[in-house]
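> Below: sequence and its predicted model.
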Amino acid sequence: MRDSGEFDVSGALLDWYDRHAREMPWRVAPADRAAGVMPDPYRIWLSEVMLQQTTVAAVRDYFVRFTNRWPTVKALAAAPDDQVMGEWAGLGYYARARNLLKCARVVAEQHGGTFPDTYDALLNLPGIGPYTAAAISAIAFDRPETVLDGNVERVMARLYDIHDPLPGSKPQLKEHAAALTPFTRPGDYAQAVMDLGATICTPKSPACGICPVQAPCAARAAGTQSDLPRKTPKKPKPTRYGHVYIAQGDNGAFLMERRPDKGLLGGMLGWPGSEWSDGPSDAPPFPCEWRELPGEVRHTFTHFHLILRIWTATLPVGWSHDDLIVMEKHAFRPSDLPTVMRKAYDLWRST
DNA sequence: GAGACGTGGGC
DNA sequence: TGCCCAAGTCT
C-alpha cells in the first residue's frame, strides 16, 4: 500500500466508490455493505461469469432473466441444458453457459448448494479462472484477494507508467495491484478499481481531470496515459463463406440442429448448413428443392469474418433425419438462437 | 504460450 | 466502415 509514495491510492478509490458506485442488479451498495449486508454468492458468481469479456450494459437484462427464472444455484443445477443455453443465447462465448451448468451441478451436488469461499476452492470449479476466483472471493466473501482484469491492468499500467506490452507485463501489473489491495473492504475496493477503469480510466480519452487518483498517476504526469497499456499486435481476421438451409413444413415446423458441445457455438441451436471454408463454397444441400434467397448474412466472430448465403425450402410431410430436430412452430423462439443464426432467420423472414 | 471462443457499442 | 474493446477461460 506504500508504493505510490504518501498518496493513499486504495483509500482514495474507496472514497470515490462510496460516492459514485454504479447501481447493478447483483451489487450491494457500499452503504448497505457498511451496514453489514453481504452479497449472495450465487448472484456474484453468475454476474462474474456473465461479465467475462462482456460489458455491464449487455449483461444486465440477462442477469435479471436468469435470476428470476433460477433464483438459486440449486434451481439452476436442476434446469434442463437446452433451457439454459436458450436463455444464454445472444450473450456469446457459449462455453461459459456450458461450464455454468457444470459448476452449478458441482456446487449443488458436492457442496450442498453452498459456494466455497476461498480462492483455491473456487479456482477448481468449471468456468472459474484466476480472475473470477479472486472476484467471487473478494466481492462475495470480502477476502483480500487481488482481481486482475482488463480494467485493473489498464489502471496499473497507467498509475505506474508501465510500457512493457501485455500479456507479458501481466505479472508486473499483478504485483502492483496486489500491493494496493487493502485488508479493509477488499470487496468494495475490487469493485472500485474496476468501476474506475470502466468509467474514468477508459481505454480511449481517459477522464484524468476527474480521476480520484490523478495526483499519484505516473502516466498522467508523463502524458502517456492514452498509449497505455501497450499490447502485442493482433493478427488480421480471414473471411470464411458458408451456406445455411432454412426449411419449414406446412405446419410451420422448422428443421434445426443442436450443435455439438465442442467448438464454435457449441451446444447451441442453429440451422443446418455447410462447413465454413476459406473460399466461396458450393456445398450441395440435402435433397430437396432449395431456393437461394437474395442478400447475405455478414457476421464477425472473434477470429474470422463470415459471409453466409441462405437457402429455403418447404419441408416434405413426415420428413425426419438423424442428427436434425423438427422444431414445432409453438416451440420455436428466435431468442433461443445465437446471433449469427438469428441474423439468418431475420433475412429469411424478411423475404 | 498462443489460439479458439461471440457479440454489441463506440469512435 | 472497420477496428478496438469488454469484470477471461480452456486447451
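Received, thanks.
> Give me the neighbour count for the residue of the stretch 101-250 of chain A found nearest DNA strand C.
DNA strand C sits closest to residue A:129 of the stretch 101-250 of chain A, with a gap of 2.4 Å, by Cβ to the nearest atom of the strand. Glycine gets a C-beta too; all of them are placed from N, C-alpha and C. Counted with other Cβ atoms under 10 Å, the neighbours of residue A:129 add up to 11.
> ok, now residue A:52?
Residue A:52: 17 neighbours (other Cβ under 10 Å).
> ok, and the closest non-adjacent residue to it?
Of all residues not flanking residue A:52 in the chain, residue A:96 sits nearest, at 6.2 Å (Cβ to Cβ, 6 or more residues apart in numbering).
> follow-up on the earlier one: run through the residues that contact the residue of the stretch 101-250 of chain A closest to DNA strand C.
residue A:123 (Cβ atoms under 8 Å, 6 or more residues apart in numbering).
> Look up how far residue A:236 lies from it.
Per Cβ to Cβ, to the nearest Å, residue A:129 is found 28 Å from residue A:236.
> swap in residue A:281?
As judged by Cβ to Cβ, residue A:281 and residue A:236 stand 21 Å apart.
> Which stretches in the stretch 151-300 of chain A count as helices?
Using DSSP state H, counting those that start in this stretch, the helices of the stretch 151-300 of chain A run over A:170-180, A:186-199, A:218-222.
> so of the ones you listed, which one's packed in deepest?
Of all those, helix A:186-199 carries the top mean neighbour count, a mean of 23, counting by mean count of other Cβ atoms under 10 Å.
> now for it, which elements pack on it?
If contacts are counted by 3 or more Cβ pairs under 8 Å, 6 or more residues apart in numbering; DSSP states H and E, helix A:186-199 sits against helix A:9-20, helix A:30-34, helix A:130-141, helix A:150-159.
> Give me the pLDDT for residue A:315.
Note for residue A:315: predicted pLDDT of 82.
> List the contacts of it.
Contacts of residue A:315 by Cβ under 8 Å, 6+ apart are A:247, A:248, A:249, A:250, A:253, A:255, A:288.
> try residue A:183
Counting by Cβ under 8 Å, 6+ apart, residue A:183 makes contact with residue A:144.
> gap between the residue of the stretch 101-250 of chain A closest to DNA strand C and residue A:52?
Counting by Cβ to Cβ, the gap between residue A:129 and residue A:52 amounts to 8 Å.
> Just the CA coordinates for the helix or strand harbouring residue A:48, please, in PDB.
Residue A:48 is located in helix A:41-50, with elements delineated by DSSP states H and E. This file holds the C-alpha atoms of helix A:41-50, laid out as PDB (Å, rounded to 0.1, in the frame of the first residue of the first chain):
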ATOM      1  CA  PRO A  41     -22.500 -15.700  -3.700                       C
ATOM      2  CA  TYR A  42     -24.800 -17.300  -6.300                       C
ATOM      3  CA  ARG A  43     -25.600 -13.900  -7.800                       C
ATOM      4  CA  ILE A  44     -22.000 -12.700  -7.600                       C
ATOM      5  CA  TRP A  45     -20.800 -15.900  -9.300                       C
ATOM      6  CA  LEU A  46     -23.500 -15.600 -12.000                       C
ATOM      7  CA  SER A  47     -22.700 -12.000 -12.700                       C
ATOM      8  CA  GLU A  48     -19.000 -12.500 -12.800                       C
ATOM      9  CA  VAL A  49     -19.300 -15.300 -15.300                       C
ATOM     10  CA  MET A  50     -21.600 -13.200 -17.500                       C
END
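> Apart from its chain neighbours, what residue comes closest to residue A:107?
That would be residue A:73: by Cβ to Cβ, 6+ apart, it lies 5.2 Å from residue A:107.
> so how far is residue A:111 from that neighbour?
Taken as Cβ to Cβ, the span from residue A:73 to residue A:111 is 9 Å.
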